[in-house]
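**Q** Okay, here's the prediction I keep looking at, along with the sequence it came from:
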Amino acid sequence: MPAPPPSLPNAAATRRPRPRQGAVWRLLTNPGAVAGAVLLLLILLAAATAPWSFPQDPLDMVGPPILWPGQDPAFWLGTDTMGRDIAAGLAHGAQVSLTVGVTAALLSLAIGIAVGATAGYAGGWADVVLMRITELLQTIPSFLLVVVIVAIGRPSVPVIALSIGVASWPVVARLVRAEFRTLREAEFVQAARSSGFGHFRIAFLEILPNALPPVIVTTSVLVANAILIESALSFMNMGDPNAVSWGSMIGDAREMLRTAWYLAALPGLSIVLTVLSLNLLGDALNDAFNPRLAA
């Protein structure tokens with residue numbers, strides 16, 4: 001009597017996972033990714049609940065000036081030189097910093113993907129012209145370009161986010177162009193061409209999804225960089241005067257570093273933790289989508 005065939009569960013157990021499944025598993029089991037995600041979620045939660053946790057205007061003077069953390073239960077993180085609640089400023093400042101970071105990153109991605117995909121797929125003179133424009137913008141220091149745009153326009157959260165996005169897209173464009181140049185002669189692209197698909201469908205529905213993993217990794221860097229630039233602008237008194245941000249809090253506290261160092265330390269720590277969480281997620285995404293680890 002012939003031996004029975006192996007059962008389906010045993011055959012499935014020996015089957016190698018698909019690359020995407022392996023990437024998700026590596027991401028979920030990466031301690032850095034988990035730590036970064038938890039930390040970022042806590043910061044997002046603080047920003048999202050700021051209107052309910054601290055309904056008053058964070059610019060209002062609500063208590064005595066220079067209360068140290070823990071000195072008054074009503075102001076558990078203390079007050080600044082004008083009697084403003086530090087905890088309210090941190091929570092509302094998280095909204096401004098994250099809004100600028102995410103908006104600037106999305107704008108950078110939109111412009112960079114459009115330019116990079118067009119240059120990488122079309123090639124020829126379109127590639128040359130678009131890459132010369134990209135290289136021209138890269139020769140200008142991004143922070144200097146942001147300062148010029150903000151100085152020309154009215155310093156506000158939308159203008160700051162727009163200026164950072166405009167200054168940051170060349171990095172995305174060069175990355176997407178390189179991916180498109182690698183993938184445009186792949187077998188699945190040739191099959192799409194032979195099936196009569198149009199150029200737009202091939203570029204943005206066939207090639208782009210396969211070029212996104214490195215772009216996703218870069219997104220965390222773009223958000224972190226935008227938060228740092230916005231903080232630097234606010235520190236230089238070039239931020240939105242009607243909004244509280246972590247950078248403006250540090251700028252207001254620079255004269256009190258010796259006598260009330262917590263005024264600068266608390267918003268500075270908020271920036272450090274946010275950028276750290278984004279860097280942890282970026283490193284984890286890079287490890288998860290690394291093709292050499294996809295086996």
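**A** Sure, I can see it. Residues are numbered from 1 along each chain as shown.
**Q** where along this protein do the helices fall?
**A** Counting by DSSP state H, the chain has helices at residues 8-13, 19-28, 31-48, 50-53, 86-122, 124-138, 142-152, 157-183, 187-194, 199-201, 208-235, 246-253, 262-288.
**Q** Which positions in the last one come out as buried?
**A** Read that as helix 262-288. Judged by neighbour count (16 or more other Cβ atoms under 10 Å), helix 262-288 contains these buried residues: 262-264, 266-268, 270-271, 274-275, 277-278, 280-288. All C-beta spots, glycine's among them, are computed from the backbone N, C-alpha and C.
**Q** what's near enough to touch the residue most central in space within the chain?
**A** When Cα atoms, centre = their mean is applied to the chain, the residue found nearest the centroid is V223 (2.2 Å). Contact partners of V223, counting by Cβ atoms under 8 Å, 6 or more residues apart in numbering, are 101-102, 104-105, 278.
**Q** and what of R184?
**A** Neighbours of R184 in contact, by Cβ under 8 Å, 6+ apart: 120-121, 207.
**Q** For G32, state which of the residues you listed is nearest.
**A** I207 (30.2 Å; Cβ to Cβ).
**Q** what's the pLDDT at that closest one?
**A** Reported pLDDT at I207 in the predicted model: 88.
**Q** Name the nearest residue to it, sequence neighbours excluded.
**A** By the measure of Cβ to Cβ, 6 or more residues apart in numbering, the closest residue to I207 outside its immediate chain neighbours is L183, 5.0 Å from it.
**Q** next one: N210
**A** L183 (5.7 Å).
**Q** Same question for N225.
**A** S168 is the one closest to N225 (Cβ to Cβ, 6+ apart), at 6.7 Å.
**Q** Over to D283?
**A** In space, D283 is closest to G32, 5.9 Å off (Cβ to Cβ, 6+ apart).
**Q** Please verify my assumption that that neighbour contacts S277.
**A** No. The criterion here is Cβ atoms under 8 Å, and G32 misses it with S277 at 9.8 Å.
**Q** overlap in contacts of the two?
**A** By Cβ under 8 Å, 6+ apart, no residue touches both G32 and S277.
**Q** what about the residue nearest to D283, how many neighbours?
**A** 16 (other Cβ atoms under 10 Å).
**Q** For it, list the residues it contacts.
**A** Contacts of G32 by Cβ under 8 Å, 6+ apart are 280-281, 283-284.
**Q** Pick the one among the residues you listed closest to D80.
**A** Among the contacts of G32, and counting by Cβ to Cβ, the member closest to D80 is L280, at 30.3 Å.
**Q** so what's that closest one scoring on pLDDT?
**A** According to the prediction, L280 has pLDDT 88.
**Q** how close does it sit to I140?
**A** With distances taken as Cβ to Cβ, to the nearest Å, L280 is found 30 Å from I140.
**Q** before we move on, what about V128?
**A** Going from V128 to I140 by Cβ to Cβ gives 20 Å.
**Q** Next: G239.
**A** For G239, the distance to I140 - Cβ to Cβ - is 21 Å.
**Q** more crowded one of the two?
**A** Taking neighbours as other Cβ under 10 Å, G239 and I140 compare with G239 leading, 25 against 12.
**Q** For I113, give me the pLDDT.
**A** Listed pLDDT for I113 reads 93.
**Q** hang on, it packs against A203?
**A** No. Using Cβ under 8 Å, I113 makes no contact with A203, being 10.3 Å away.
**Q** Touching, R84 and I66? I think so.
**A** No. With contacts counted by Cβ under 8 Å, R84 stays clear of I66, the gap being 11.0 Å.
**Q** more crowded one of those two?
**A** When R84 and I66 are compared for neighbours, R84 comes out ahead with 23 against 17, by other Cβ under 10 Å.
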